[in-house]
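Student: One predicted model, sequence on top.
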Amino acid sequence: MARAVRNTPRELAHALWKGWRTRPSTPTFLRELTLLPRLMARRDHGGLLRRLERLARAGIPLTVFVTGSFARGMGDWLTECRDQGHEIGAHSDRHLALPWIDPAEARRQILRCRDEVGRVVERPIAGFRAPFLLWTEPLYAAVAEAGFAYSSSIYGRQAERHGPLTELPVVFEDYPHLLAGAGPADVARLLAQLPEAAVLCLHPYAFFSPGYFEALLEALRTAPPLRPLSRRLADPSAPAWSITVDLA
């Protein structure tokens, strides 16, 4: 079962802050303010794709979770990302906080994303990540029914089985540290302290921060073996890192 109680107060507060902007009661102008970092990153999708290509050439394959709306508007970008060797996963259709909407609508969000992303990349989609890493137990059934092999939607350190579905939890997310003022050297130091089997969630707009991408690339060159999430399913506890990026 999903163990939200394992989340630290800081992790839970961060997830709630990210999900808060999707609540209907949140004033529109405040929701737009929380989108500013993402909107800034969207101005340079070409630059992001070039950075992903550098990672691929360095032998660092990522799992890139995208929404259905992203797939509909950025199909060429997505197929190029696939051709670089990165795994593509599903991230819901419109990046809504799934626990806060009607369960039937949540299922539609999951299914439509599966179909839209699969149509663009022309292959089955194995993995799902919930928007904002906000999750509830009933969502496992919806994701499993949609045919996904794994989810990576909660914080934790050990993989879990939920019927046919494997949960590969996130061990490290860079965004809270960046919000707290961590610089490139701080992020590299944090990565050096992670366990040998870990899922990392990195935020693409941070790649454009001065020095961040170079420090990240250097740190990952000396990391444990790097594998897309789907290649971790046979033995999730084996020494390996999976680097993930979310795009809405």
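Tutor: Nice, I can see it.

Student: so where is the protein shaky, pLDDT-wise?
Tutor: Scanning the chain for pLDDT under 70 picks out 1-44.

Student: Which helix in it has the most residues?
Tutor: helix 103-121 (DSSP state H).

Student: Extract the C-alpha set from the top strand by length along the chain and format it as CSV.
Tutor: For the chain, the strand with the greatest residue count under DSSP state E is strand 240-247. Taking C-alpha atoms only, strand 240-247 is exported to CSV below (Å, rounded to 0.1, in the frame of the first residue of the first chain):
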residue,chain,number,x,y,z
ALA,A,240,21.5,1.4,-9.9
TRP,A,241,20.1,4.9,-10.2
SER,A,242,17.2,6.0,-12.4
ILE,A,243,17.1,9.6,-13.4
THR,A,244,13.6,11.0,-14.1
VAL,A,245,12.3,14.3,-15.4
ASP,A,246,8.7,15.5,-15.5
LEU,A,247,7.2,17.7,-18.3
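
Student: Touching that strand from outside, list them.
Tutor: With C-beta atoms under 8 Å, 6 or more residues apart in numbering as the test, strand 240-247 has contacts from 52, 55, 60-67, 70, 89, 91, 129, 131, 152, 168, 170, 194, 196-204, 220, 223-229, 232. For glycine as for every other residue, the C-beta is placed from the backbone atoms N, C-alpha and C.

Student: mind listing what's buried in the longest helix of the chain?
Tutor: 106-118, 120-121 (16 or more other C-beta atoms under 10 Å).

Student: Ok, stretch 76-85 next?
Tutor: Those would be 77-78, 81-82, 84-85, for stretch 76-85 by 16+ other C-beta under 10 Å.

Student: For the chain, just list every one of the strands.
Tutor: Counting by DSSP E, the chain has strands at residues 62-66, 87-90, 127-128, 150-151, 160-162, 165-167, 172-173, 197-202, 240-247.

Student: What segments of the chain are helices?
Tutor: Along the chain, counting by DSSP H, helices occupy 9-20, 28-34, 36-42, 45-57, 68-73, 75-83, 103-121, 138-145, 175-179, 184-192, 212-221.

Student: Mind listing residues that contact the longest one?
Tutor: Looking back up the chat, that one is helix 103-121. 66-69, 71-72, 75, 78-79, 82, 88-94, 96, 98-99, 101, 124-125, 128, 138-139, 142-143, 145-148.

Student: Give me the buried entries from those.
Tutor: Here, 16+ other C-beta under 10 Å leaves 66-69, 71, 78, 82, 88-94, 96, 98-99, 101, 125, 128, 139, 142-143, 146, 148 buried among the contacts of helix 103-121.

Student: tell me the angle the longest helix of the chain makes with strand 62-66.
Tutor: Angle, helix 103-121 to strand 62-66, by axes from the mean of the first three to the mean of the last three C-alpha atoms, to 10 degrees: 120 degrees.

Student: Report the angle between helix 103-121 and helix 75-83.
Tutor: Using the same axes, to 10 degrees: helix 103-121 against helix 75-83 is 70 degrees.
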